[in-house]
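Participant: Coordinates for the following, if possible.
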Amino acid sequence: MTPFLLVPGLNCDARVYAGVAQALWPFGPVTIASHQTGDRMETIAKAILADAPPRFALIGFSMGGYICFEILRQAPERVLKLGLLDTTARPDSEESTANRRRMIALARKGRFIDAIEQTFPRSVHEENAGSSDLYAIHRGMAEANGPKIYEQQQEAIIHRPDARPLLGSIKVPTLVVVGEGDQITPPDAAREMHEGIAGSRLLVVPRAGHLALLEQPEPVHAALKEWAAA
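Facilitator: Predicted coordinates:
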């Protein structure tokens, strides 16, 4: 049995991985990491590694993918497999950083929910922008984390290093997943990771955006099961 370590994204908690955890559980024990320690990737990864199994299959969604790259920098020998879900190896762009600073400013002014509401439409496929169920999960996870953790995580994302030089050193079985309509970490970023990691598999999920694992769980779970069983 393979232990699985699942790292959530920005403003997410264990709920983002509820379906994934159930899908992977037959293959081994599943741990959903807490990523609430520190405002730099190095600190967050170190804290996660301190509580992680000795060796594990590693999955990261969005910000969780950035943390996965840092885990690979700190302890590559502990990672058995790698799953990268709607994430990127690129550093933050100037435009993204400016937008994050604007969202942080809103949260500091007591308008945290406004920031959450503004980010939802870009987090899903255009066909899912009116989904009350998806919005409820998105908002509920954000409220559970709160504005302080939101600011910490945004700072960690802003200051994350470029992970593209790391891609060629990744030798473990790797699955890259991206929603076809992902506006935050788009398909070209996924293809870049896929092309940089030898032997990796790429899944582009139809009718899904950044939250592909929640928008279209069936194909994502099927791909992860195949990856887990290999």
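
Participant: So for Gly38, what's the nearest residue that isn't a sequence neighbour?
Facilitator: If the residues on either side of it in the chain are set aside, Gly38 comes closest to Ile44, at 5.1 Å by C-beta to C-beta, 6 or more residues apart in numbering. In this view, the C-beta of every residue, glycine as well, is placed from N, C-alpha and C.

Participant: Relative to Thr88, how far out is that neighbour?
Facilitator: Ile44 sits 17 Å away from Thr88, taking C-beta to C-beta, to the nearest Å as the criterion.

Participant: Likewise for Ala107?
Facilitator: Separation of Ala107 from Thr88 (C-beta to C-beta) stands at 23 Å.

Participant: In which helix or strand does the residue nearest to Gly38 reside?
Facilitator: According to DSSP states H and E, Ile44 maps onto helix 41-51.

Participant: Could you identify the longest helix within the protein?
Facilitator: Longest helix of the chain, by residue count under DSSP state H: helix 132-158.

Participant: That helix - contacts with which helices or strands?
Facilitator: helix 41-51, helix 63-74, helix 94-108, helix 112-123, helix 212-215 (3 or more C-beta pairs under 8 Å, 6 or more residues apart in numbering; DSSP states H and E).

Participant: per-residue confidence averaged over that helix?
Facilitator: Averaged across helix 132-158, pLDDT comes to 97.

Participant: got the angle for it vs helix 112-123?
Facilitator: In terms of direction (axes from the mean of the first three to the mean of the last three C-alpha atoms, to 10 degrees), helix 132-158 departs from helix 112-123 by 100 degrees.

Participant: following helix 132-158, which helix or strand comes up?
Facilitator: Tracing the chain past helix 132-158, the next element assigned as helix or strand by DSSP H and E is strand 174-179.

Participant: what about the spatially closest residue to Ala230 that is not a sequence neighbour, how many neighbours?
Facilitator: Closest residue to Ala230 apart from its sequence neighbours, by C-beta to C-beta, 6+ apart: Pro173 at 6.0 Å. Under the neighbour criterion other C-beta atoms under 10 Å, Pro173 is assigned a count of 17.

Participant: For Pro173, list the residues it contacts.
Facilitator: Applying C-beta atoms under 8 Å, 6 or more residues apart in numbering to Pro173 gives the contacts Lys81, Leu82, Gly199, Ser200, Trp227, Ala230.

Participant: swap in His159?
Facilitator: Contacts of His159 by C-beta under 8 Å, 6+ apart are Asp39, Arg40, Met41.

Participant: For Ile149, see how far away the first one is.
Facilitator: What it means is Asp39. Asp39 sits 10 Å away from Ile149 when distances are taken as C-beta to C-beta.

Participant: Now stretch 101-117 - C-alpha only, CSV.
Facilitator: C-alpha atoms of stretch 101-117 as CSV (Å, rounded to 0.1, in the frame of the first residue of the first chain):
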residue,chain,number,x,y,z
ARG,A,101,-1.7,42.6,-3.7
ARG,A,102,-5.1,44.0,-4.5
MET,A,103,-6.9,41.0,-3.0
ILE,A,104,-4.7,41.3,0.1
ALA,A,105,-5.6,45.0,0.5
LEU,A,106,-9.3,44.1,0.3
ALA,A,107,-8.9,41.5,3.0
ARG,A,108,-7.1,43.9,5.2
LYS,A,109,-9.9,46.4,4.8
GLY,A,110,-12.4,43.8,6.2
ARG,A,111,-13.6,42.9,2.7
PHE,A,112,-12.3,39.4,2.6
ILE,A,113,-15.6,37.9,1.3
ASP,A,114,-15.5,40.5,-1.5
ALA,A,115,-12.1,39.1,-2.5
ILE,A,116,-13.4,35.6,-2.4
GLU,A,117,-16.5,36.5,-4.5
